[in-house]
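K.L.:
Sequence first, then the predicted structure, then my questions.
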Amino acid sequence: GGHLAHVLRLSICHLPMHMGEYLSCALQIGRAFWLAAGAHEHYPFAAVSFVADNAVREFLCFAKMASAGVLEVQMAPVSIAGTVFGHQVAHRDMVPQNRVQQLKRFSVSAYLMGAVILGLLLGFANYVHVPDYSEEDVDRFYMWFIHVQIMVYIGFGFLMTFLKHYSCSAVCFNFFLSAMMFLEAILCIGACHQVFWNAKQDHIEVEIALLIECSFCAASGMIAFGAVIGKTTPAQIMWLMVMQVPIYALNQRLVIYEWKILDMGGTFVIHLFGAYYGLAASWMISRRQPMHGLGHPKLNPGYYNDVFSMIGTIFLFIYWPSFNGALASMSSETRIDNPTAGQINAQFLSVINTVISLSACVVSTFATSALVNGRISMVHIQNSTIAGGVAMGAACTLRMTPGGSVAVGLAAGILSVVGFQYVMPFLDRTIGLGDTCGVHNLHGLPSILGGLVAGLAALGQTEDYLPWGDGATQLGYQVLAIVTTMAIAIGAGLVAGYLVSLLDSGCPLSVEDYFEDQPWWDIHTAVLPDKAASIHLKGNSNHGKAVNTSAHGGLNTSMHGSVAFAGSSVGGGSSHFGMQGSLHGGPHVNTSHHGGKPRPSGTPYGYPASMPEGSAV
């Protein structure tokens, strides 16, 4: 088996792609027929064919890279590990020395940031004076804080699990980076709001409202993370997020508190800033990397990855109204001090405008996806359905009509789908902009739309709802904030991306390690989830004995499907077994034998053949 796998490693890169896939399929079917025929006690063929097919699937990805001229194929003996019917089979199990160095660099960086944050918090931060911070304020903010946390850690985390080989890194690095940015933001945002622009304080007072602001900063970081996900080492992505926090805090102070723009839901400071910071960093990091964009074979999502990604989408859809309205409530002092109609209605309007916009966005996304793609795309459903929350973030506190909210949601869904379908491939092809999660289409373009919507809607509002009092001035500052935020984000992203690209210049990430968990994680199973296939055998003899066997191995790199067999001796010797599989979502093969009765002529593939009367499937 080991020798056969080595021979295949030498030859598979010289086969056309379709030949390799057909060879793998033939090995699966041959092994399955051998086992289904009752030869499972004679396992040498099963073990050898398992090794052969594993090798074929393992190196199809490398063959694609080699055929593109971006991978130099160097052959080495294959290690032996894993078990099929008690015999060893092959799989790759090694940690290159440069990966060890990169992980050590990450560990040292994390300890260093932890020490810096600890020292600064000890010296310059304290909790707000408790008697001045009543239980009423805890009730006012804590529920909304939890909702924002759910969006950041579950929503954004699971939304990025669509990558077949990078799901563990996506959700776990989202966890780590969000927590780190949250702590750093206490210092940076607290200093900007309470110390640098407030001469009355010489330290940071930590309160729940500040923690919500810090969660918003972490959300902006995870948006930027989505643009570079899978193309950086752990140390690189950590320092990229570290550099984002102070720039985020300064930009927020400028456009929200100095220019007084409409942005309760963070359309500008969270989504627009995070998207273009991440895109600029992605372009700078990947400018000399081959196959970092849509052409990489590991960017194809798997079936179950798409399902898990939808978990993130649904959580984001449910909690987005809380995200937009978390800081829109009034304090008790404001209630006593003759609040304006805009202050009284701000949280109510934030919630209801966002709910309606999101619902309309779902409708337009499904319709547009089917129209432009020919079939409904999971990428569109996972992302574009929540673009309505992004677009409504700036205008959510305005007294819009339900029809106006629907219009914003419909437009956001259409714009986002068009971005995924046409703009994203164009940018990847023309300027080499690799956008792994499509943050430009979910956060960037809808943010520009939302900023303009807020400015135009301000023209019809009363002064109670506008920080500047008149619509024309408000529109001017909204447009200025769009241009300024994009300029700051792109400039900072280019600088940060260049600096982190120098961090691992001595041992850069190789092409085969893009979008891959294995270099960074201690995965205790030899088979990653998307490479798993199984063969299940169940036979009932005339004597009532049952035999159950199963074999699991790495198979599925570019083919999605499964093979299952069941054989039995029932009612005096009649037998049946069925086999079903699929290649790239193509035609299904379904054959069956029922007591020697053939499949009826004209039965389409994918449908069961004739079965005995009374049979149930």
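P.N.:
Structure received. Numbering: from 1, shown residues only.
K.L.:
okay, CA-based contacts and neighbour counts for the rest of this
P.N.:
Will do.
K.L.:
if you average pLDDT over the top helix by length along the chain, what comes out?
P.N.:
Counting residues, the longest helix found in the chain (DSSP state H) is helix 341-373. For helix 341-373, mean pLDDT rounds to 95.
K.L.:
low pLDDT regions in the stretch 201-350 of the chain?
P.N.:
291-292, 334, 336 (pLDDT under 70).
K.L.:
mind listing what's buried in the longest helix of the chain?
P.N.:
Applying a neighbour-count criterion of 16 or more other Cα atoms under 10 Å, one finds 342-362, 364-369 buried in helix 341-373.
K.L.:
tell me what that helix is packed against?
P.N.:
Contacts defined by 3 or more Cα pairs under 8 Å, 6 or more residues apart in numbering; DSSP states H and E place helix 341-373 against helix 303-325, helix 378-383, helix 387-392, helix 402-418.
K.L.:
Measure how that helix sits relative to helix 402-418, angle-wise.
P.N.:
40 degrees (axes from the mean of the first three to the mean of the last three Cα atoms, to 10 degrees).
K.L.:
now for the host helix or strand of Val483, which elements pack on it?
P.N.:
Assigned by DSSP states H and E, Val483 falls within helix 471-501. Here helix 471-501 touches helix 234-252, helix 273-286, helix 445-458, going by 3+ Cα pairs under 8 Å, 6+ apart.
K.L.:
what about Pro290, which SS state?
P.N.:
When classified by DSSP: H, G, I helix; E, B strand; the rest coil, Pro290 comes out as coil.
K.L.:
Sorry, slip of the keys, the one I care about is Phe515.
P.N.:
Assignment for Phe515 (three-state DSSP): coil.
K.L.:
quick revisit: if you compare the helices and strands packed on helix 471-501, which one is most tucked away?
P.N.:
The highest mean neighbour count among these, using mean count of other Cα atoms under 10 Å, belongs to helix 273-286: a mean of 29.
K.L.:
and the helices and strands packed on helix 471-501 as CSV, adding distance to Ser510?
P.N.:
Listed next are the helices and strands packed on helix 471-501 as CSV, based on distance: least, Cα to Cα, whole Å:
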stretch, distance to Ser510
helix 234-252, 14
helix 273-286, 12
helix 445-458, 31
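K.L.:
Quick one, which of the ones you listed gets closest to Asp504.
P.N.:
Evaluated over the helices and strands packed on helix 471-501, closeness to Asp504 peaks at helix 234-252, with 7.6 Å, by Cα to Cα.
K.L.:
Put the alpha carbons of the closest one into CSV.
P.N.:
Output in CSV follows, covering the C-alpha atoms of helix 234-252 (Å, rounded to 0.1, in the frame of the first residue of the first chain):
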residue,chain,number,x,y,z
PRO,A,234,-1.5,33.1,13.2
ALA,A,235,1.1,35.8,14.1
GLN,A,236,0.4,37.8,11.0
ILE,A,237,-3.4,37.9,11.5
MET,A,238,-2.9,38.7,15.2
TRP,A,239,-0.7,41.8,14.6
LEU,A,240,-3.0,42.9,11.7
MET,A,241,-5.9,43.0,14.2
VAL,A,242,-3.8,44.7,16.9
MET,A,243,-2.9,47.5,14.5
GLN,A,244,-6.6,48.0,13.5
VAL,A,245,-7.9,48.9,17.0
PRO,A,246,-6.2,52.3,17.5
ILE,A,247,-7.0,53.4,14.0
TYR,A,248,-10.6,52.3,14.4
ALA,A,249,-10.9,54.3,17.7
LEU,A,250,-9.5,57.4,16.1
ASN,A,251,-11.8,57.2,13.0
GLN,A,252,-14.8,56.6,15.2
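K.L.:
now the angle from that helix to helix 273-286?
P.N.:
Using the same axes, to 10 degrees: helix 234-252 against helix 273-286 is 140 degrees.
K.L.:
ok, Asn251 - contacts?
P.N.:
Shown in contact with Asn251 (Cα atoms under 8 Å, 6 or more residues apart in numbering): Val269, Thr485, Ile488.
K.L.:
and what of Leu452?
P.N.:
By Cα under 8 Å, 6+ apart, Leu452 lies in contact with Leu475, Gln478, Val479.
K.L.:
who wins for most neighbours among those residues?
P.N.:
With neighbours taken as other Cα atoms under 10 Å, the top of the contacts of Leu452 is Gln478, carrying 29 neighbours.
K.L.:
if we can go back for a sec, among the contacts of Leu452, which one sits closest to Ala395?
P.N.:
Gln478 (10.6 Å).
K.L.:
ok, back up a step: and the helices and strands packed on helix 341-373: which comes nearest Asp202?
P.N.:
helix 303-325 (30.0 Å).
K.L.:
re earlier: would TSV of the contacts of Leu452 with distance to Thr161 be doable?
P.N.:
What follows is these, written out as TSV (distance: Cα to Cα, whole Å):
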residue	distance to Thr161
Leu475	38
Gln478	34
Val479	35
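K.L.:
Render the CA-only coordinates of stretch 109-122 in CSV, please.
P.N.:
Only the C-alpha atoms of stretch 109-122 are listed here, as CSV (Å, rounded to 0.1, in the frame of the first residue of the first chain):
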residue,chain,number,x,y,z
SER,A,109,3.3,37.7,20.3
ALA,A,110,0.2,36.7,22.2
TYR,A,111,2.0,36.7,25.5
LEU,A,112,3.5,40.0,24.7
MET,A,113,0.2,41.6,23.9
GLY,A,114,-1.3,40.1,27.1
ALA,A,115,1.5,41.6,29.2
VAL,A,116,1.1,45.1,27.5
ILE,A,117,-2.7,45.1,28.0
LEU,A,118,-2.4,44.0,31.6
GLY,A,119,0.2,46.7,32.4
LEU,A,120,-1.9,49.5,30.8
LEU,A,121,-5.1,48.4,32.4
LEU,A,122,-3.5,48.3,35.8
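K.L.:
in that stretch, what's buried?
P.N.:
Ser109, Ala110, Met113, Ile117, Leu121.
K.L.:
again, but for stretch 429-442
P.N.:
Gly432, Leu433, Gly434, Asp435, Thr436, Cys437, Gly438, Val439, His440, Asn441, Leu442.
K.L.:
Those: which two are farthest apart?
P.N.:
So, the buried residues of stretch 429-442 by Cα to Cα: farthest apart are Gly432 and Leu442, at 19.0 Å.
K.L.:
and of the helices and strands packed on helix 471-501, who's closest to Asn126?
P.N.:
Of the helices and strands packed on helix 471-501, nearest to Asn126 by Cα to Cα is helix 234-252, at 19.2 Å.
K.L.:
Report the angle between that closest one and helix 471-501.
P.N.:
Using the same axes, to 10 degrees, helix 234-252 lies at 160 degrees relative to helix 471-501.
K.L.:
Can you say which of the helices and strands packed on helix 471-501 is nearest to Ile189?
P.N.:
Ile189 lies closest to helix 234-252 among the helices and strands packed on helix 471-501, at 5.1 Å (Cα to Cα).
K.L.:
about what we covered before: any chance of the contacts of Asn251 in JSON lines, plus distance to Asn338 and neighbour count?
P.N.:
Formatted as JSON lines, the contacts of Asn251 follow (distance: Cα to Cα, whole Å; neighbours: other Cα atoms under 10 Å):
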{"residue": "Val269", "distance to Asn338": "29", "neighbour count": "30"}
{"residue": "Thr485", "distance to Asn338": "34", "neighbour count": "23"}
{"residue": "Ile488", "distance to Asn338": "37", "neighbour count": "17"}
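K.L.:
before we move on, the earlier item: which of the helices and strands packed on helix 341-373 is buried the deepest?
P.N.:
Of the helices and strands packed on helix 341-373, helix 387-392 is the most buried (mean count of other Cα under 10 Å), at a mean of 35.
K.L.:
if we look at that helix, which residues are touching it?
P.N.:
265, 267, 271, 317, 320-321, 324, 353-355, 357-361, 405, 408-410, 412-413, 416, 442-443, 446-451.
K.L.:
Could you do stretch 500-515 as well?
P.N.:
62, 70-71, 98, 102, 163, 165-166, 229-233, 235-237, 239-240, 284-285, 289-292, 298-299, 519.
K.L.:
Would you confirm that Leu210 contacts Cys188?
P.N.:
No: using Cα atoms under 8 Å, Leu210 is not in contact with Cys188; the gap is 10.8 Å.
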